[in-house]
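Engineer: Got a sequence here, can you build the structure:
(4 chains)
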Number of protein chains: 2
Amino acid sequence: MSGTHTEKYEQQRREAIRSAAAVFAEKGYHGSSTRDIAEYMGIKQGSLYYYFKSKEDALTEVCLYGMQDYVERMNSISSSDQTFREKLVATITSHITKYREKNEALRVYNAERLYLPESKRTRLKELGTGYRQQLEQIFAEGIEKGEVRSSIDCQFAAHAVIGMCNAWGEFIDRHPDMDLFQLIENCVDLLINGFKQTENN
Amino acid sequence: MSGTHTEKYEQQRREAIRSAAAVFAEKGYHGSSTRDIAEYMGIKQGSLYYYFKSKEDALTEVCLYGMQDYVERMNSISSSDQTFREKLVATITSHITKYREKNEALRVYNAERLYLPESKRTRLKELGTGYRQQLEQIFAEGIEKGEVRSSIDCQFAAHAVIGMCNAWGEFIDRHPDMDLFQLIENCVDLLINGFKQTENN
DNA sequence: TGCGCAATCTATAGAACTATAGAAAACTAG
DNA sequence: CTAGTTTTCTATAGTTCTATAGATTGCGCA
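Structural biologist: Here you go, the predicted model:
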(Lines give C-alpha, C1' and ligand atoms only; values in the text may rest on other atoms or scores of the structure.)
Protein backbone atom coordinates (compact mmCIF):
# COMPACT_ATOMS: atom_id res chain seq x y z
CA MET A 1 0.00 0.00 0.00
CA SER A 2 2.36 2.67 1.22
CA GLY A 3 5.11 1.43 -1.05
CA THR A 4 3.09 2.44 -4.07
CA HIS A 5 3.11 6.10 -3.08
CA THR A 6 5.48 8.92 -3.82
CA GLU A 7 7.28 10.95 -1.24
CA LYS A 8 5.32 14.01 -2.31
CA TYR A 9 2.09 12.09 -2.05
CA GLU A 10 2.72 11.16 1.57
CA GLN A 11 3.73 14.72 2.37
CA GLN A 12 0.61 16.19 0.79
CA ARG A 13 -1.55 13.60 2.46
CA ARG A 14 -0.25 14.65 5.86
CA GLU A 15 -0.93 18.24 4.86
CA ALA A 16 -4.48 17.25 3.91
CA ILE A 17 -4.99 15.61 7.28
CA ARG A 18 -3.73 18.67 9.09
CA SER A 19 -5.98 20.90 7.00
CA ALA A 20 -8.98 18.72 7.68
CA ALA A 21 -8.12 18.81 11.38
CA ALA A 22 -7.97 22.59 11.40
CA VAL A 23 -11.24 23.01 9.54
CA PHE A 24 -13.12 20.31 11.47
CA ALA A 25 -11.90 21.80 14.73
CA GLU A 26 -13.27 25.19 13.82
CA LYS A 27 -16.55 24.34 12.14
CA GLY A 28 -17.27 20.79 13.23
CA TYR A 29 -17.42 17.80 10.93
CA HIS A 30 -20.87 18.43 9.49
CA GLY A 31 -20.32 22.15 9.40
CA SER A 32 -17.24 21.80 7.20
CA SER A 33 -17.36 21.21 3.47
CA THR A 34 -14.72 19.45 1.43
CA ARG A 35 -14.30 22.77 -0.32
CA ASP A 36 -13.38 24.42 3.01
CA ILE A 37 -10.70 21.82 3.60
CA ALA A 38 -9.32 22.06 0.08
CA GLU A 39 -9.22 25.84 0.22
CA TYR A 40 -7.43 25.76 3.55
CA MET A 41 -4.88 23.49 1.94
CA GLY A 42 -4.61 25.59 -1.21
CA ILE A 43 -6.01 23.12 -3.72
CA LYS A 44 -9.39 22.71 -5.41
CA GLN A 45 -12.29 20.80 -3.93
CA GLY A 46 -12.16 17.89 -6.33
CA SER A 47 -8.42 17.37 -5.84
CA LEU A 48 -8.96 16.47 -2.23
CA TYR A 49 -10.31 13.11 -3.33
CA TYR A 50 -6.87 12.21 -4.54
CA TYR A 51 -5.96 11.96 -0.86
CA PHE A 52 -9.22 10.90 0.78
CA LYS A 53 -11.72 8.33 -0.37
CA SER A 54 -14.49 10.31 1.28
CA LYS A 55 -15.11 13.03 3.80
CA GLU A 56 -15.72 10.37 6.42
CA ASP A 57 -12.37 8.88 5.60
CA ALA A 58 -10.83 12.28 6.28
CA LEU A 59 -12.43 12.38 9.71
CA THR A 60 -11.16 8.92 10.50
CA GLU A 61 -7.62 9.88 9.58
CA VAL A 62 -7.77 13.09 11.59
CA CYS A 63 -8.95 11.25 14.69
CA LEU A 64 -6.23 8.64 14.39
CA TYR A 65 -3.61 11.31 13.81
CA GLY A 66 -4.85 13.16 16.89
CA MET A 67 -4.65 10.16 19.16
CA GLN A 68 -1.49 8.49 18.04
CA ASP A 69 1.44 10.37 19.49
CA TYR A 70 -0.77 11.35 22.36
CA VAL A 71 -1.01 7.69 23.31
CA GLU A 72 2.67 7.19 22.62
CA ARG A 73 3.56 9.91 25.09
CA MET A 74 1.43 8.19 27.67
CA ASN A 75 3.28 4.96 27.04
CA SER A 76 6.59 6.52 27.95
CA ILE A 77 5.18 8.34 30.97
CA SER A 78 3.52 5.22 32.27
CA SER A 79 6.59 3.03 31.89
CA SER A 80 9.00 5.50 33.46
CA ASP A 81 10.04 5.13 37.11
CA GLN A 82 8.76 8.45 38.37
CA THR A 83 6.66 8.97 41.47
CA PHE A 84 2.88 9.12 41.23
CA ARG A 85 2.91 12.86 41.51
CA GLU A 86 5.50 13.23 38.78
CA LYS A 87 3.54 10.97 36.49
CA LEU A 88 0.37 12.92 37.14
CA VAL A 89 2.13 16.17 36.34
CA ALA A 90 3.59 14.68 33.17
CA THR A 91 0.22 13.34 32.06
CA ILE A 92 -1.58 16.60 32.59
CA THR A 93 1.20 18.59 31.00
CA SER A 94 1.26 16.34 27.97
CA HIS A 95 -2.49 16.45 27.62
CA ILE A 96 -2.95 20.17 28.07
CA THR A 97 0.01 21.37 26.05
CA LYS A 98 -1.27 19.33 23.13
CA TYR A 99 -4.14 21.77 22.91
CA ARG A 100 -1.88 24.78 22.94
CA GLU A 101 0.40 23.29 20.30
CA LYS A 102 -2.58 23.58 18.02
CA ASN A 103 -3.13 19.90 17.78
CA GLU A 104 -6.60 20.47 16.46
CA ALA A 105 -6.79 16.79 15.71
CA LEU A 106 -7.19 15.94 19.37
CA ARG A 107 -10.11 18.32 19.71
CA VAL A 108 -11.67 16.77 16.65
CA TYR A 109 -11.24 13.33 18.12
CA ASN A 110 -13.01 14.40 21.28
CA ALA A 111 -15.83 16.29 19.66
CA GLU A 112 -16.53 14.51 16.37
CA ARG A 113 -15.49 10.88 16.59
CA LEU A 114 -19.01 9.77 17.49
CA TYR A 115 -20.17 10.71 14.01
CA LEU A 116 -18.10 7.87 12.61
CA PRO A 117 -19.84 4.53 12.13
CA GLU A 118 -18.97 1.84 14.64
CA SER A 119 -16.88 -0.03 12.11
CA LYS A 120 -14.49 2.87 11.61
CA ARG A 121 -14.20 3.51 15.30
CA THR A 122 -12.81 0.24 16.63
CA ARG A 123 -9.18 1.27 16.24
CA LEU A 124 -9.92 4.59 17.88
CA LYS A 125 -11.62 2.86 20.77
CA GLU A 126 -8.60 0.65 21.27
CA LEU A 127 -6.34 3.67 21.44
CA GLY A 128 -8.62 5.47 23.86
CA THR A 129 -9.04 2.46 26.07
CA GLY A 130 -5.30 1.87 26.07
CA TYR A 131 -4.70 5.41 27.16
CA ARG A 132 -7.20 5.21 29.96
CA GLN A 133 -5.93 1.87 31.21
CA GLN A 134 -2.40 3.18 31.46
CA LEU A 135 -3.68 6.07 33.53
CA GLU A 136 -5.60 3.66 35.75
CA GLN A 137 -2.40 1.72 36.19
CA ILE A 138 -0.62 4.84 37.35
CA PHE A 139 -3.25 5.26 40.04
CA ALA A 140 -3.05 1.61 41.04
CA GLU A 141 0.69 1.96 41.51
CA GLY A 142 0.17 5.17 43.41
CA ILE A 143 -2.04 3.29 45.85
CA GLU A 144 0.46 0.44 46.20
CA LYS A 145 3.25 2.85 46.98
CA GLY A 146 1.08 4.69 49.47
CA GLU A 147 1.05 7.97 47.59
CA VAL A 148 -2.65 7.69 46.84
CA ARG A 149 -5.26 6.70 49.39
CA SER A 150 -6.76 3.30 48.79
CA SER A 151 -10.34 4.56 48.80
CA ILE A 152 -9.78 6.08 45.36
CA ASP A 153 -11.47 4.20 42.53
CA CYS A 154 -8.86 4.03 39.77
CA GLN A 155 -11.35 3.95 36.92
CA PHE A 156 -13.18 6.94 38.26
CA ALA A 157 -9.93 8.78 38.84
CA ALA A 158 -8.66 8.19 35.32
CA HIS A 159 -11.89 9.41 33.77
CA ALA A 160 -11.91 12.43 36.02
CA VAL A 161 -8.39 13.44 35.04
CA ILE A 162 -9.06 12.98 31.34
CA GLY A 163 -12.33 14.89 31.58
CA MET A 164 -10.74 17.76 33.40
CA CYS A 165 -7.88 17.98 30.91
CA ASN A 166 -10.27 18.03 27.99
CA ALA A 167 -12.38 20.70 29.61
CA TRP A 168 -9.35 22.90 30.17
CA GLY A 169 -8.12 22.11 26.70
CA GLU A 170 -11.26 23.55 25.18
CA PHE A 171 -10.96 26.52 27.48
CA ILE A 172 -7.36 27.42 26.68
CA ASP A 173 -8.16 27.12 23.02
CA ARG A 174 -10.46 30.10 23.45
CA HIS A 175 -8.02 31.92 25.75
CA PRO A 176 -4.70 31.83 23.95
CA ASP A 177 -2.92 34.12 26.40
CA MET A 178 -3.50 31.95 29.44
CA ASP A 179 -0.59 30.84 31.58
CA LEU A 180 -0.40 27.10 31.06
CA PHE A 181 2.24 26.60 33.70
CA GLN A 182 0.03 28.10 36.37
CA LEU A 183 -2.97 26.15 35.12
CA ILE A 184 -1.18 22.82 35.27
CA GLU A 185 0.05 23.59 38.75
CA ASN A 186 -3.47 24.42 39.86
CA CYS A 187 -4.85 21.22 38.37
CA VAL A 188 -2.28 19.03 40.04
CA ASP A 189 -2.67 20.79 43.35
CA LEU A 190 -6.44 20.43 43.23
CA LEU A 191 -6.37 16.79 42.23
CA ILE A 192 -3.83 15.80 44.85
CA ASN A 193 -4.82 17.97 47.79
CA GLY A 194 -8.44 18.85 47.14
CA PHE A 195 -10.19 21.99 48.26
CA LYS A 196 -10.28 21.35 51.97
CA GLN A 197 -8.40 23.19 54.62
CA THR A 198 -5.21 21.40 55.66
CA GLU A 199 -4.83 20.50 59.34
CA ASN A 200 -1.53 22.25 59.96
CA ASN A 201 -2.50 25.64 58.63
CA MET B 1 -45.56 39.53 21.54
CA SER B 2 -46.55 36.66 23.76
CA GLY B 3 -50.01 38.03 24.21
CA THR B 4 -50.74 37.49 20.53
CA HIS B 5 -50.25 33.73 20.80
CA THR B 6 -52.62 30.92 21.57
CA GLU B 7 -52.20 28.47 24.38
CA LYS B 8 -51.71 25.69 21.87
CA TYR B 9 -49.11 27.71 20.05
CA GLU B 10 -46.99 28.11 23.18
CA GLN B 11 -47.36 24.44 23.95
CA GLN B 12 -46.32 23.35 20.49
CA ARG B 13 -43.47 25.80 20.49
CA ARG B 14 -42.09 24.24 23.64
CA GLU B 15 -42.51 20.88 21.98
CA ALA B 16 -40.59 22.14 18.98
CA ILE B 17 -37.77 23.34 21.21
CA ARG B 18 -37.59 20.00 22.96
CA SER B 19 -37.56 18.18 19.63
CA ALA B 20 -34.82 20.39 18.31
CA ALA B 21 -32.86 19.76 21.50
CA ALA B 22 -33.16 16.01 21.12
CA VAL B 23 -32.14 16.02 17.48
CA PHE B 24 -29.30 18.52 17.90
CA ALA B 25 -28.00 16.54 20.85
CA GLU B 26 -27.84 13.37 18.82
CA LYS B 27 -26.60 14.62 15.46
CA GLY B 28 -25.13 18.00 16.22
CA TYR B 29 -26.44 21.28 14.89
CA HIS B 30 -24.99 21.04 11.39
CA GLY B 31 -25.68 17.33 11.20
CA SER B 32 -29.40 17.83 11.82
CA SER B 33 -31.87 18.95 9.20
CA THR B 34 -35.06 20.82 9.81
CA ARG B 35 -36.80 17.75 8.41
CA ASP B 36 -35.25 15.62 11.19
CA ILE B 37 -36.60 17.98 13.81
CA ALA B 38 -40.05 18.15 12.26
CA GLU B 39 -40.25 14.38 11.93
CA TYR B 40 -39.22 13.93 15.54
CA MET B 41 -42.03 16.26 16.48
CA GLY B 42 -44.52 14.59 14.15
CA ILE B 43 -45.13 17.46 11.75
CA LYS B 44 -43.85 18.27 8.25
CA GLN B 45 -40.63 20.10 7.56
CA GLY B 46 -42.21 23.31 6.33
CA SER B 47 -44.52 23.56 9.33
CA LEU B 48 -41.57 23.99 11.62
CA TYR B 49 -41.18 27.53 10.35
CA TYR B 50 -44.43 28.39 12.03
CA TYR B 51 -42.50 28.09 15.29
CA PHE B 52 -38.97 29.08 14.31
CA LYS B 53 -37.84 31.92 12.10
CA SER B 54 -34.80 29.87 11.07
CA LYS B 55 -32.75 26.85 12.06
CA GLU B 56 -30.36 29.17 13.82
CA ASP B 57 -33.24 30.60 15.78
CA ALA B 58 -34.08 27.05 16.88
CA LEU B 59 -30.54 26.57 18.18
CA THR B 60 -30.72 29.84 20.07
CA GLU B 61 -33.96 28.82 21.75
CA VAL B 62 -32.63 25.38 22.65
CA CYS B 63 -29.54 26.85 24.27
CA LEU B 64 -31.55 29.34 26.26
CA TYR B 65 -33.98 26.65 27.33
CA GLY B 66 -31.07 24.47 28.41
CA MET B 67 -29.47 27.13 30.55
CA GLN B 68 -32.43 28.77 32.14
CA ASP B 69 -33.66 26.56 34.95
CA TYR B 70 -30.12 25.33 35.32
CA VAL B 71 -29.10 28.83 36.32
CA GLU B 72 -32.19 29.21 38.43
CA ARG B 73 -31.29 26.15 40.45
CA MET B 74 -27.88 27.62 41.03
CA ASN B 75 -29.47 30.80 42.30
CA SER B 76 -31.29 28.96 45.02
CA ILE B 77 -28.30 26.83 45.95
CA SER B 78 -26.04 29.83 46.12
CA SER B 79 -28.39 31.89 48.26
CA SER B 80 -29.16 29.10 50.73
CA ASP B 81 -27.39 28.95 54.08
CA GLN B 82 -25.75 25.55 53.66
CA THR B 83 -22.13 24.75 54.34
CA PHE B 84 -19.59 24.80 51.52
CA ARG B 85 -19.63 21.06 51.26
CA GLU B 86 -23.39 20.94 51.06
CA LYS B 87 -23.45 23.59 48.37
CA LEU B 88 -20.82 21.73 46.39
CA VAL B 89 -22.83 18.53 46.61
CA ALA B 90 -25.97 20.34 45.57
CA THR B 91 -24.25 22.00 42.63
CA ILE B 92 -22.76 18.79 41.32
CA THR B 93 -25.98 16.89 41.86
CA SER B 94 -28.00 19.52 40.05
CA HIS B 95 -25.54 19.65 37.19
CA ILE B 96 -25.08 15.93 36.70
CA THR B 97 -28.68 14.84 37.17
CA LYS B 98 -29.67 17.32 34.47
CA TYR B 99 -27.91 15.09 32.00
CA ARG B 100 -29.67 11.97 33.19
CA GLU B 101 -33.04 13.69 33.10
CA LYS B 102 -32.47 13.89 29.39
CA ASN B 103 -32.07 17.58 29.35
CA GLU B 104 -30.52 17.37 25.93
CA ALA B 105 -30.70 21.12 25.75
CA LEU B 106 -27.84 21.50 28.18
CA ARG B 107 -25.63 19.26 26.08
CA VAL B 108 -26.55 21.27 23.03
CA TYR B 109 -25.64 24.47 24.83
CA ASN B 110 -22.24 23.07 25.69
CA ALA B 111 -21.45 21.54 22.35
CA GLU B 112 -23.10 23.78 19.78
CA ARG B 113 -23.51 27.28 21.13
CA LEU B 114 -20.30 28.45 19.48
CA TYR B 115 -21.91 28.04 16.08
CA LEU B 116 -24.20 30.93 16.90
CA PRO B 117 -23.08 34.37 15.79
CA GLU B 118 -21.82 36.67 18.53
CA SER B 119 -24.96 38.74 18.41
CA LYS B 120 -27.20 35.84 19.34
CA ARG B 121 -24.90 34.69 22.08
CA THR B 122 -24.80 37.67 24.38
CA ARG B 123 -27.74 36.55 26.48
CA LEU B 124 -26.26 33.07 26.72
CA LYS B 125 -22.94 34.49 27.81
CA GLU B 126 -24.64 36.45 30.54
CA LEU B 127 -26.33 33.33 31.84
CA GLY B 128 -23.10 31.32 31.73
CA THR B 129 -21.11 34.04 33.41
CA GLY B 130 -23.77 34.44 36.07
CA TYR B 131 -23.64 30.75 36.81
CA ARG B 132 -19.89 30.71 37.08
CA GLN B 133 -19.76 33.77 39.27
CA GLN B 134 -22.20 32.27 41.73
CA LEU B 135 -20.01 29.21 41.94
CA GLU B 136 -16.97 31.40 42.49
CA GLN B 137 -18.86 33.11 45.26
CA ILE B 138 -19.51 29.75 46.92
CA PHE B 139 -15.78 29.12 46.95
CA ALA B 140 -15.03 32.58 48.29
CA GLU B 141 -17.43 31.97 51.16
CA GLY B 142 -15.91 28.56 51.73
CA ILE B 143 -12.55 30.23 52.19
CA GLU B 144 -13.96 32.86 54.53
CA LYS B 145 -15.56 30.23 56.68
CA GLY B 146 -12.37 28.18 56.72
CA GLU B 147 -13.82 25.18 54.94
CA VAL B 148 -11.64 25.77 51.88
CA ARG B 149 -7.95 26.54 52.03
CA SER B 150 -7.11 30.08 51.02
CA SER B 151 -4.59 29.01 48.37
CA ILE B 152 -7.45 27.94 46.12
CA ASP B 153 -8.08 30.26 43.19
CA CYS B 154 -11.86 30.66 43.05
CA GLN B 155 -12.03 31.26 39.33
CA PHE B 156 -9.95 28.21 38.60
CA ALA B 157 -11.99 26.14 41.02
CA ALA B 158 -15.30 27.13 39.48
CA HIS B 159 -14.12 26.30 35.99
CA ALA B 160 -12.72 23.00 37.16
CA VAL B 161 -15.98 21.94 38.77
CA ILE B 162 -18.03 22.94 35.74
CA GLY B 163 -15.63 21.19 33.41
CA MET B 164 -15.66 18.01 35.43
CA CYS B 165 -19.45 17.96 35.61
CA ASN B 166 -19.76 18.43 31.87
CA ALA B 167 -17.25 15.69 31.19
CA TRP B 168 -19.17 13.28 33.39
CA GLY B 169 -22.42 14.47 31.89
CA GLU B 170 -21.29 13.39 28.44
CA PHE B 171 -20.09 10.14 29.88
CA ILE B 172 -23.26 9.17 31.69
CA ASP B 173 -25.22 9.99 28.60
CA ARG B 174 -23.42 7.11 26.90
CA HIS B 175 -23.68 4.86 29.98
CA PRO B 176 -27.32 4.98 31.01
CA ASP B 177 -27.00 2.31 33.69
CA MET B 178 -24.39 4.11 35.71
CA ASP B 179 -24.93 4.77 39.40
CA LEU B 180 -25.22 8.53 39.67
CA PHE B 181 -25.27 8.54 43.43
CA GLN B 182 -21.93 6.82 43.59
CA LEU B 183 -20.54 9.07 40.89
CA ILE B 184 -21.54 12.25 42.67
CA GLU B 185 -20.05 10.96 45.89
CA ASN B 186 -16.79 10.18 44.13
CA CYS B 187 -16.66 13.61 42.56
CA VAL B 188 -17.25 15.42 45.80
CA ASP B 189 -14.76 13.27 47.65
CA LEU B 190 -12.11 13.83 45.00
CA LEU B 191 -12.66 17.57 44.84
CA ILE B 192 -12.62 18.06 48.57
CA ASN B 193 -9.99 15.59 49.70
CA GLY B 194 -7.88 14.99 46.61
CA PHE B 195 -6.00 11.84 45.79
CA LYS B 196 -3.36 11.99 48.44
CA GLN B 197 -2.98 9.70 51.39
CA THR B 198 -4.47 11.14 54.57
CA GLU B 199 -2.21 11.50 57.61
CA ASN B 200 -4.27 9.48 60.06
CA ASN B 201 -4.64 6.34 58.01
C1' DT C 1 -74.34 25.95 10.88
C1' DG C 2 -70.97 28.68 9.04
C1' DC C 3 -67.40 32.45 9.60
C1' DG C 4 -62.73 33.59 10.78
C1' DC C 5 -58.48 32.61 12.61
C1' DA C 6 -54.91 29.12 13.86
C1' DA C 7 -52.21 25.39 12.50
C1' DT C 8 -50.50 22.42 9.20
C1' DC C 9 -49.60 20.82 4.61
C1' DT C 10 -47.76 20.69 -0.31
C1' DA C 11 -44.77 22.25 -3.59
C1' DT C 12 -40.86 24.42 -4.96
C1' DA C 13 -37.04 27.94 -5.81
C1' DG C 14 -32.50 28.40 -5.11
C1' DA C 15 -28.37 27.22 -3.07
C1' DA C 16 -24.85 24.04 -1.43
C1' DC C 17 -22.57 19.80 -1.08
C1' DT C 18 -20.30 15.05 -2.18
C1' DA C 19 -18.18 12.31 -5.30
C1' DT C 20 -16.68 11.09 -9.99
C1' DA C 21 -14.85 11.34 -14.75
C1' DG C 22 -11.86 13.01 -17.84
C1' DA C 23 -8.76 16.88 -19.32
C1' DA C 24 -4.70 19.49 -18.25
C1' DA C 25 -0.56 20.58 -16.09
C1' DA C 26 3.67 19.40 -13.61
C1' DC C 27 7.21 16.45 -12.90
C1' DT C 28 10.80 12.57 -13.79
C1' DA C 29 13.80 9.77 -16.35
C1' DG C 30 15.95 8.51 -20.31
C1' DC D 1 13.01 16.99 -25.83
C1' DT D 2 9.90 13.20 -25.24
C1' DA D 3 7.13 9.64 -23.11
C1' DG D 4 5.19 8.11 -19.08
C1' DT D 5 3.56 9.05 -14.49
C1' DT D 6 1.86 11.84 -10.81
C1' DT D 7 -0.75 15.53 -9.32
C1' DT D 8 -4.18 18.97 -9.91
C1' DC D 9 -8.02 21.04 -12.32
C1' DT D 10 -12.72 21.68 -14.54
C1' DA D 11 -17.21 20.36 -15.03
C1' DT D 12 -21.09 18.16 -13.57
C1' DA D 13 -24.60 14.52 -12.02
C1' DG D 14 -27.29 13.66 -8.40
C1' DT D 15 -28.70 14.77 -3.71
C1' DT D 16 -30.06 17.28 0.01
C1' DC D 17 -31.08 21.31 2.49
C1' DT D 18 -33.33 25.89 4.00
C1' DA D 19 -36.86 28.95 3.60
C1' DT D 20 -41.12 30.75 1.52
C1' DA D 21 -45.77 31.04 -0.69
C1' DG D 22 -50.15 29.63 -1.07
C1' DA D 23 -53.57 25.96 -0.41
C1' DT D 24 -55.92 23.15 3.06
C1' DT D 25 -57.59 21.50 7.24
C1' DG D 26 -59.03 22.01 12.09
C1' DC D 27 -61.16 24.72 15.78
C1' DG D 28 -63.95 27.97 18.58
C1' DC D 29 -67.62 30.86 18.74
C1' DA D 30 -71.69 33.56 17.28
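
Engineer: Report whether the longest helix seen in chain A contacts chain B.
Structural biologist: Secondary structure of chain A per DSSP state H: the longest helix is helix A:118-144. Yes. Contact of helix A:118-144 with chain B is found when judged by CB under 8 Å from any CB of the partner chain, involving A:139, A:142. Yep, even glycine has a C-beta here, placed from its N, CA and C like the rest.

Engineer: is that helix anywhere near DNA strand C?
Structural biologist: No. Using CB under 7 Å from any atom of the strand, helix A:118-144 never reaches DNA strand C; the gap is at least 12.6 Å.

Engineer: Packing partners of the following helix or strand past that helix?
Structural biologist: Counting by DSSP states H and E, the element after helix A:118-144 in chain order, helix or strand, is helix A:154-174. In terms of contacts (3 or more CB pairs under 8 Å, 6 or more residues apart in numbering or on different chains; DSSP states H and E), helix A:154-174 is packed against helix A:84-100, helix A:104-112, helix A:118-144, helix A:180-193, helix B:154-174, helix B:180-193.

Engineer: what's the pLDDT at the nearest residue to residue A:145 once chain neighbours are set aside?
Structural biologist: Take residue A:145 and drop its neighbours on the chain: the residue closest to it by CB to CB, 6 or more residues apart in numbering or on different chains is residue A:84, 6.6 Å away. Per-residue confidence at residue A:84 stands at 97 (pLDDT).

Engineer: got a list of what residue A:84 touches?
Structural biologist: Contact partners of residue A:84, counting by CB atoms under 8 Å, 6 or more residues apart in numbering or on different chains, are A:138, A:139, A:141, A:142, A:145, A:147, A:148.

Engineer: swap the cut-off to 7 Å and go again
Structural biologist: Contact analysis of residue A:84 by CB atoms under 7 Å, 6 or more residues apart in numbering or on different chains lists A:138, A:141, A:142, A:145, A:147, A:148.

Engineer: Equivalent analysis for residue A:153, please.
Structural biologist: residue B:186.

Engineer: any idea how far it is from DNA strand D?
Structural biologist: 42 Å (CB to the nearest atom of the strand, to the nearest Å).

Engineer: residue nearest the centroid of chain A?
Structural biologist: residue A:106 (4.0 Å; CA atoms, centre = their mean).

Engineer: quick one: that one from DNA strand C, how far?
Structural biologist: Separation of residue A:106 from DNA strand C (CB to the nearest atom of the strand): 22 Å.

Engineer: With residue A:35 instead?
Structural biologist: Computed as CB to the nearest atom of the strand, the residue A:35 to DNA strand C distance reads 5 Å.

Engineer: again with residue A:24
Structural biologist: Residue A:24 is 11 Å from DNA strand C, by CB to the nearest atom of the strand.

Engineer: tell me the secondary structure for that residue?
Structural biologist: Three-state assignment for residue A:24 (DSSP: H, G, I helix; E, B strand; the rest coil): helix.

Engineer: residues in contact with it?
Structural biologist: A:32, A:59, A:62, A:108, A:112.

Engineer: where in chain A is pLDDT low?
Structural biologist: Residue ranges of chain A with pLDDT under 70: A:1-3, A:102, A:199-201.

Engineer: Wait, a helix at residue A:32?
Structural biologist: No. Counting by three-state DSSP, residue A:32 is not part of a helix but coil.

Engineer: hmm, back to that, winner for burial among the helices and strands packed on helix A:154-174?
Structural biologist: Scoring those by mean neighbour count under mean count of other CB atoms under 10 Å in any protein chain shown gives helix A:104-112 as the most buried, with a mean of 23.

Engineer: From the chain's centroid, how far away is it?
Structural biologist: For helix A:104-112, the gap between its own C-alpha mean and the chain's C-alpha mean amounts to 7 Å (CA atoms, centre = their mean, to the nearest Å).

Engineer: what does it rub up against?
Structural biologist: Contacts of helix A:104-112 with the rest of the structure, by CB under 7 Å, 6+ apart, involve A:21-22, A:24-25, A:28-29, A:59, A:62-63, A:65-67, A:70, A:98-99, A:166, A:173.

Engineer: Buried by neighbour count, from these: which ones?
Structural biologist: A:21-22, A:24-25, A:28-29, A:59, A:62-63, A:65-67, A:70, A:98-99, A:166 (16 or more other CB atoms under 10 Å in any protein chain shown).

Engineer: what does chain A have sitting close to DNA strand D?
Structural biologist: By CB under 7 Å from any atom of the strand, the residues of chain A that approach DNA strand D are A:5-6, A:8-9, A:12, A:38, A:43-47, A:50-51.

Engineer: Next, format those residues as CSV and append neighbour count.
Structural biologist: Below are the residues of chain A next to DNA strand D laid out as CSV (neighbours: other CB atoms under 10 Å in any protein chain shown):
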residue, neighbour count
A:5, 11
A:6, 8
A:8, 8
A:9, 13
A:12, 17
A:38, 21
A:43, 17
A:44, 10
A:45, 13
A:46, 10
A:47, 14
A:50, 11
A:51, 23
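
Engineer: Restricted to helices, list the residues you listed.
Structural biologist: Going by DSSP H, the helices hold A:8, A:9, A:12, A:38 from the residues of chain A next to DNA strand D.
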